[in-house]
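*Asks:* I'd like to go over a predicted model; first the sequence, then the structure.
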Number of protein chains: 2
Amino acid sequence: MGKEIERKYLIKTDNYRSCSSKKYYKQGYLSTSEERVVRIRIIEEKGFITIKGKNKGATRLEYEYQIPVNEANELIDTLCIHPIIEKFRYTCKIDDLTWEIDEFLGDNTGLVIAEVELPEENYPITLPDWIGKEVTSDTKYYNSNLVKHPYKEWK
Amino acid sequence: MGKEIERKYLIKTDNYRSCSSKKYYKQGYLSTSEERVVRIRIIEEKGFITIKGKNKGATRLEYEYQIPVNEANELIDTLCIHPIIEKFRYTCKIDDLTWEIDEFLGDNTGLVIAEVELPEENYPITLPDWIGKEVTSDTKYYNSNLVKHPYKEWK
């Protein structure tokens, strides 16, 4: 079983860049329903299929399996809902937590979201000074929703 | 890449049982949209995730990956659309082709469908005497549609 406990934030400055490694992510969705998201993702030269359940607080069921990268590419190109999501992900370890900061590209350029994965729901977090407003429960920031409502269409 | 070329038929008699091996199948769906079906399947003690595209004639894109059977069970129980599909599949080799005959259970009891996978779209088939009407293009016989419209509700 997989469970993902995660909090999401907007950012105030790009100071996260100094502590980070950076990778290119490309992903598409086979289902964007709130009850069951199915995602195909490519991180550099690796492909994955991921299934996520509905959020309960900051917790969500998650199952992920590696698949051949050429098939991940075909699935994104031929079967996933378009447009796809592209972003640079910065990874930044602070104390015992790993922060992931996504700078979106394409129709979502300008949107930046920071996520931190937690070992349990009420785990204490020291927020870095570049962290802004929390958006954990705001579904419009879900990557699966950015497919249907990209950032460039937001008011 | 995966491509599945397959023809489906109703059956006239249960003579297929004499030539067959029989296995129990249990499967659920994370997406039943015509453009992209996502299925979790358990065959005896093995789990799979399968993605299928839209039919073009008898041809359909298909990608399948093995996953841990305990996770396949969790996915079927917690995240798949209910009700799930259960059936016995009989496998029967005749000449160079393999026939698979599904006897559905639960809300689909009474429905029996035979499928044959082909190496190419117009491959010649000698129909066994227990084969009835062809239903390849009739979407109501898709397993993914039986979730929404089980056989017991048909007139």
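*Replies:* Looks like it arrived, so ask away.
*Asks:* for A:Asp138, which non-adjacent residue is closest in space?
*Replies:* A:Lys8 (7.9 Å; CB to CB, 6 or more residues apart in numbering or on different chains). C-beta coordinates here come from the backbone N, C-alpha and C atoms, glycine included.
*Asks:* ugh, wrong one, A:Pro83
*Replies:* Nearest non-adjacent residue to A:Pro83 (CB to CB, 6+ apart): A:Asp107, at 5.8 Å.
*Asks:* go on, A:Ile40?
*Replies:* Nearest non-adjacent residue to A:Ile40 (CB to CB, 6+ apart): A:Leu75, at 4.6 Å.
*Asks:* ditto for A:Ile94
*Replies:* Setting aside the residues directly before and after it, A:Ile94 is nearest to A:Pro128 in space (CB to CB, 6+ apart), at 5.9 Å.
*Asks:* isn't that neighbour right up against A:Tyr16?
*Replies:* Yes - counting by CB atoms under 8 Å, A:Tyr16 is a contact partner of A:Pro128 at 7.1 Å.
*Asks:* dig out what the closest residue to chain B within chain A forms beta bridges with.
*Replies:* Residue of chain A nearest chain B, by CB to the nearest CB: A:Ser31 (4.1 Å). Per DSSP bridges, the residues bridged to A:Ser31 are A:Val38.
*Asks:* remind me which residues of chain A are low pLDDT?
*Replies:* Under the criterion pLDDT under 70, the flagged ranges of chain A are A:1.
*Asks:* tell me where it has helices.
*Replies:* Assigned by DSSP state H, the helices in chain A fall at A:69-74, A:143-148.
*Asks:* contact partners of the first one?
*Replies:* Same thing as helix A:69-74. With contact meaning CB atoms under 8 Å, 6 or more residues apart in numbering or on different chains, helix A:69-74 is reached by A:Ile40, A:Arg41, A:Ile42, A:Glu45, A:Lys46, A:Gly47, A:Phe48, A:Ile49, B:Met1, B:Gly2, B:Tyr63.
*Asks:* now, which of the residues you listed sits nearest B:Asn55?
*Replies:* Checking those against B:Asn55 by CB to CB gives B:Gly2 as the nearest, at 14.0 Å.
*Asks:* isn't that closest one right up against B:Glu62?
*Replies:* Yes - the criterion here is CB under 8 Å, and B:Gly2 meets it with B:Glu62 at 4.2 Å.
*Asks:* quick one, what contacts the residue nearest to A:Pro83?
*Replies:* When contacts are counted by CB under 8 Å, 6+ apart, A:Asp107 touches A:Pro83, A:Leu146, A:Pro150, A:Tyr151, A:Lys152, A:Glu153.
*Asks:* circling back: and which of the contacts of helix A:69-74 is nearest to B:Glu115?
*Replies:* B:Gly2 (15.9 Å).
*Asks:* how much space is there between the closest one and A:Leu75?
*Replies:* 10 Å (CB to CB, to the nearest Å).
*Asks:* any idea how far the residue nearest to A:Pro83 is from A:Ile101?
*Replies:* Note on A:Asp107: its distance to A:Ile101, by CB to CB, is 19 Å.
*Asks:* next one: A:Asp129
*Replies:* 14 Å.
*Asks:* more neighbours: which of the two?
*Replies:* Counted by other CB atoms under 10 Å in any protein chain shown, A:Asp129 and A:Ile101 do not tie: A:Ile101 has more neighbours, with 26 against 8.
*Asks:* bridged to that one, which residues?
*Replies:* Beta-bridge pairing for A:Ile101 (DSSP bridges): A:Tyr90, A:Ala114.
*Asks:* I'd say it and A:Leu10 touch.
*Replies:* No - the criterion here is CB under 8 Å, and A:Ile101 misses it with A:Leu10 at 10.5 Å.
*Asks:* any common contacting residues for these two?
*Replies:* A:Val112, A:Ile113, A:Ala114.
*Asks:* and the first one, what is it in contact with?
*Replies:* So the one you mean is A:Val112. Counting by CB under 8 Å, 6+ apart, A:Val112 has contacts A:Leu10, A:Ile11, A:Asp14, A:Ile101, A:Asp102, A:Glu103, A:Phe104.
*Asks:* and those residues, which of them are buried?
*Replies:* A:Ile11, A:Ile101, A:Asp102, A:Glu103, A:Phe104 (16 or more other CB atoms under 10 Å in any protein chain shown).
*Asks:* for A:Pro68, state which of these is nearest.
*Replies:* A:Asp102 (24.6 Å).
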